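# following is a predicted model, sequence given first.
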Amino acid sequence: MSKRNSQAAKTAARERLRVEREREAKRAKTRRQIIVAGSIVAVLAIAGGIGYAVVQANKPDGWDAAKDAKLVKPANTSGKDGTTVVIGKDSAEKTLVMYEDPRCPACAAFEQSVGSTVDKDVEDGKYKIQFVGATFIDGNVPGVGSKNALSALGAALNVGPEAFLKYKTALYSAKYHPSETEDKFKDDDYLIEVANSVDGLKGNKTFQTAVKNGTYDKWALVMSEKFDADGDKYGFQGTPTLLMDGKKITGSDGKNTPMTPDDFNKAIDAALKK
């Protein structure tokens, strides 16, 4: 090989080496940029994930969410918020207002003793009844059963007044009503189990869906607010409380709700004559 060709070969080799080094430098730079970009994306993703988690953690759920939910009024109600629930014949001149909390043991005792008398009076057109639901026991004995059962009663009322009355009777029955400290009504499946003992609600998918979806949760809260407002207005706090013409119906002791059919009939007859 000539000296000239040898020199040219060395020059060409050095040029190829230089070009290869430049390519490698560019590839290394590109890898670094990809790594940095990936790290930034990962950091942003983590930050975004943390931010989303924080937002989700701070979002209200359950009954807190129900406070801000859209109000859905059951059928067979009236009034601005659907909290006027009146059942009975139009010919009945007077209305008995009944205030009850689903978890209330005294309400269960009243319904088991006097409930059938009230139902017969309404059927006979002796008077109409207006139902107002309370949920204060959920606060006194921590739980959500009163609210949940009241929401389910809204779902029953949406089916019809008769289904509502029969479901209310079932919820307060000795068979299904739990002790005050047992928050059994918090379980939708249990409320549906009780409903399956009632004609019109047994296997009723519309009713069951409304219970599971909490369709009437907001309504239950608004109804409970009506109980509180009426309690302040008429001077009562507990349940069961009965009113007619804005005055409390009391038994023979002149203080408490009549808890036997005989005592109840005497008190109602006296109120109807006024």
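Yep, it's here. Numbers count the residues shown, from 1 in each chain.
# tell me where the stretch 1-150 of the chain has helices.
Taking DSSP state H, counting those that start in this stretch as the criterion, the stretch 1-150 of the chain carries its helices at 3-58, 62-67, 105-123, 137-140, 145-159.
# buried stuff in the shortest one?
Which is helix 137-140. 137-138 (16 or more other Cβ atoms under 10 Å). No exception for glycine: its C-beta is placed from N, CA and C like everyone else's.
# got the contact list for it?
Helix 137-140 is touched from outside by 101, 103-104, 143-147, 180, with contacts defined as Cβ atoms under 8 Å, 6 or more residues apart in numbering.
# pLDDT wise, what is Leu21 at?
No Leu there; residue 21 is Arg. With respect to pLDDT, Arg21 scores 71.
# let me fix that, I meant to ask about Arg27.
Arg27 carries a pLDDT value of 71.
# distance of it from Arg21?
Using Cβ to Cβ, to the nearest Å, Arg27 is found at 11 Å from Arg21.
# ok, now Asp232?
Look at Asp232 and Arg21: by Cβ to Cβ, they are 88 Å apart.
# follow-up on the earlier one: lowest average confidence across the helices of the stretch 1-150 of the chain, which one?
Minimum mean pLDDT among the helices of the stretch 1-150 of the chain: helix 3-58, a mean of 55.
# and the buried ones among the contacts of helix 137-140, selectable in PyMOL?
For the buried members of these, the matching PyMOL selection, counting by 16+ other Cβ under 10 Å, is:
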select buried, resi 101+103+104+143+144+145+146+147+180
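# as a markdown table, the contacts of helix 137-140 with distance to Leu242 would be great.
Listed next are the contacts of helix 137-140 as a markdown table, based on distance: Cβ to Cβ, whole Å:
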| residue | distance to Leu242 |
| --- | --- |
| Asp101 | 14 |
| Arg103 | 19 |
| Cys104 | 13 |
| Gly143 | 25 |
| Val144 | 26 |
| Gly145 | 23 |
| Ser146 | 19 |
| Lys147 | 22 |
| Glu180 | 20 |
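# wait, which of the contacts of helix 137-140 is closest to Val159?
Taking Cβ to Cβ as the measure, Val159 lies nearest Lys147 of the contacts of helix 137-140, at 19.7 Å.
# residue ranges with poor pLDDT in the stretch 101-250 of the chain?
Scanning the stretch 101-250 of the chain for pLDDT under 70 picks out nothing.
# what is the burial count for Thr260?
Close neighbours of Thr260, defined as other Cβ atoms under 10 Å, add up to 14.
# what does Lys266 give?
By other Cβ under 10 Å, the residues close to Lys266 number 14.
# local confidence estimate at it?
The per-residue confidence score, pLDDT, reads 97 for Lys266.
# chain center to whichever strand or helix holds it, what's the gap?
Lys266 belongs to helix 261-273 when assigned by DSSP states H and E. Mean C-alpha position of helix 261-273 versus that of the full chain (Cα atoms, centre = their mean, to the nearest Å) differs by 36 Å.
# what's that helix packed up against?
For helix 261-273, the contact count by 3 or more Cβ pairs under 8 Å, 6 or more residues apart in numbering; DSSP states H and E identifies helix 105-123, strand 241-244 as packing neighbours.
# out of these, flag the one nearest Glu193.
Across the helices and strands packed on helix 261-273, Glu193 has its closest neighbour in helix 105-123 (17.0 Å, Cβ to Cβ).
# contact partners for the spatially most central residue of the chain?
When Cα atoms, centre = their mean is applied to the chain, the residue found nearest the centroid is Asp217 (3.3 Å). Asp217 sits next to 63, 66, 69, 147, 151 when contact means Cβ under 8 Å, 6+ apart.
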